[in-house]
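Chemist: here is a sequence together with a model predicted from it:
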Amino acid sequence: MAKLTLTTFTTLDGVMQAPGGPDEDRTDGFEYGGWSVPFVDEDFGRFMDEVFGRVDAFLLGRRTYEIFASYWPEVTDENDPVASRLNALPKYVVSRTLGKAGWNNSTVISGDLTEEVNRLKQRPGHEIQVHGSARLAQSLIALGLVDELNLLVYPVFLGKGRRLFPDGGSPTAFELTGHRATSTGVSIQTYRAAGPARFGTFELGE
């Protein structure tokens, strides 16, 4: 049974919108796209190579899928650990409006998200990976479908933009299973879902 992992980049204030370029996602007038690029280094590259070395399939939202599909098929180096897997492995696109997914080995899924994801998890393999896909990521977290979260926190504050954890989500606990930092100050934290959040008090008893 495969596990569902989410790898996402966020700022210190939790913004995950458009980390890769100015025109990646200008929804709601967002003007700070590309905020992660100045922090790319060899440590970041090694970590991402490790992540993509474990993948068996990808689950993507429509916007991220279209961004990837416009770029990665042009990277034809079979030794590129990211491009080789994105171009060859199964890709499942969550969308109710996308009629056809033309990128090699792509399938559109439009049914109940919980049922569809649980069906994918029953397939043989190690990891089904979600990258980017802000709205999909929020839905998966809210539904308790994420088994592991790779959270890359960048040392920058933006003050606006779509956040990974919006108001209204279900209180959830996570267990820290790994941590490292890059030379540019990116904190890479790996968490495993640990059930509902627990609560207590610092008040002194009688």
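Modeler: It's in.

Chemist: find the nearest non-adjacent residue to Thr76, please.
Modeler: Ala83 (7.4 Å; CB to CB, 6 or more residues apart in numbering). C-beta here means a position set from N, CA and C on the backbone, and glycine is covered the same way.

Chemist: any idea how far that neighbour is from Tyr71?
Modeler: 9 Å (CB to CB, to the nearest Å).

Chemist: of the two, give the one with the bigger neighbour count.
Modeler: Of the pair Ala83 and Tyr71, Ala83 is the one with more neighbours under other CB atoms under 10 Å, namely 18 against 13.

Chemist: give the contact list for the closest residue to Gly53 other than its chain neighbours.
Modeler: Once flanking residues are discounted, Gly53 sits nearest to Pro81: 6.3 Å by CB to CB, 6+ apart. Contact analysis of Pro81 by CB atoms under 8 Å, 6 or more residues apart in numbering lists Asp49, Phe52, Gly53.

Chemist: so for Pro81, what's the pLDDT?
Modeler: In this model, Pro81 is scored at 90, pLDDT.

Chemist: so how far is stretch 126-138 from its chain's centroid?
Modeler: The chain centre lies 4 Å from the centre of stretch 126-138; the measure is CA atoms, centre = their mean, to the nearest Å.

Chemist: isn't there a helix covering Ile141?
Modeler: Yes. Applying DSSP: H, G, I helix; E, B strand; the rest coil, one finds Ile141 inside a helix.
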